[in-house]
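# Please find the sequence and the predicted model below.
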Amino acid sequence: MKRFLLAVLMAAGALGAAPALAQQSKVGDWTIEKRSQDTHCNASRGYKDKDDENRDYVIVITYSEKAIVIVMIYDGWEWERAGEILRADVGTDDADIMKKAKWEVMDKTTVRGIFEYDQSMMDRLSKAKRLTIDFDDDDDDSIEMQIPRAGEALAALKFCEENRK
C-alpha cells in the first residue's frame, strides 16, 4: 500500500500537485482521487499477480490539458539509477500507442512516463484491458499490466477533472 500511495504522489507531483488527499471514489478496483490542494485528479489501480510470484503491480494515470502522466510500479523491477531515462514501445492489447516513448526511473521499482496530451492516446487506453511497456533491448523488464474497466475509470477521471473546481 505504501507503493500505491507513492505512485499517486509521484503522478501528482509531475503536474505540480500538493500531497494532501481529499475525495475518493471507486470504479471497479480503480480509485479516482481528487486532492484538496491539487488541481488534478488521479485514477489508480493496484493488484497482486498470483501467476508472477504474487508480485505487486500498480498503475496511476493523471492528466491535464497539457500532459498525460502514467506511473507504473512493479516489485519485480530492480532499476539501478533514479533519473535514468529508458525508451520503450507502449501498446495496449489491440493497438500501439507510441514507439520509443521516454520513461523516467523514479526508484528501483517505479517508472514514470510524461506525455504531451493526446486524445487519441486516452481513447486507446480507454478501450484497453492491458497496457504493455516493451523496453528497448530489455525483455526481462518489459511489462504487461492488467487495466480492466479502464474506459470506465478514465470516464470517471474525466468527470473528476471537469468538476474539480
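Right, received. Where do you want to start?

# And the lengthiest strand in the chain, how far out from the chain middle?
Looking across the chain with DSSP state E, the single longest strand is strand 96-107. Strand 96-107 sits 11 Å away from the centroid of its parent chain (CA atoms, centre = their mean, to the nearest Å).

# Give the other helices and strands that that strand contacts.
Packing partners of strand 96-107 (3 or more CB pairs under 8 Å, 6 or more residues apart in numbering; DSSP states H and E): strand 85-92, strand 110-116, helix 119-127. For the C-beta atoms, the positions are set from N, CA and C on the backbone; glycine is no exception.

# now for these, which one comes closest to Ser64?
strand 110-116 (10.6 Å; CB to CB).

# Parallel or antiparallel, which strands does the closest one pair with?
strand 67-74 (antiparallel), strand 96-107 (antiparallel) (DSSP bridges).

# Hmm, Asp107 and Gly83 touching each other?
No: applying CB atoms under 8 Å, one finds Gly83 not in contact with Asp107, separated by 10.1 Å.

# Among those two, which residue is more densely surrounded?
Asp107 (14 against 7; other CB atoms under 10 Å).

# Tell me what that one is bridged to.
Assigned bridge partners for Asp107, using DSSP bridges, are Thr110.

# if I look at it, how far off is Ile85?
15 Å (CB to CB, to the nearest Å).

# Identify the residue nearest Phe135 in space, chain neighbours excluded?
Ala88 (4.5 Å; CB to CB, 6 or more residues apart in numbering).

# And that neighbour, what's its pLDDT?
Looking at Ala88, its pLDDT stands at 95.

# now what about stretch 147-165, what contacts it?
Defining contact as CB atoms under 8 Å, 6 or more residues apart in numbering, one finds that stretch 147-165 is touched by 25, 27-30, 32, 34, 39-43, 45, 59, 61-64, 122, 125-131.

# so where's this structure uncertain?
Along the chain, segments meeting pLDDT under 70 span 1-22, 37-38, 165.
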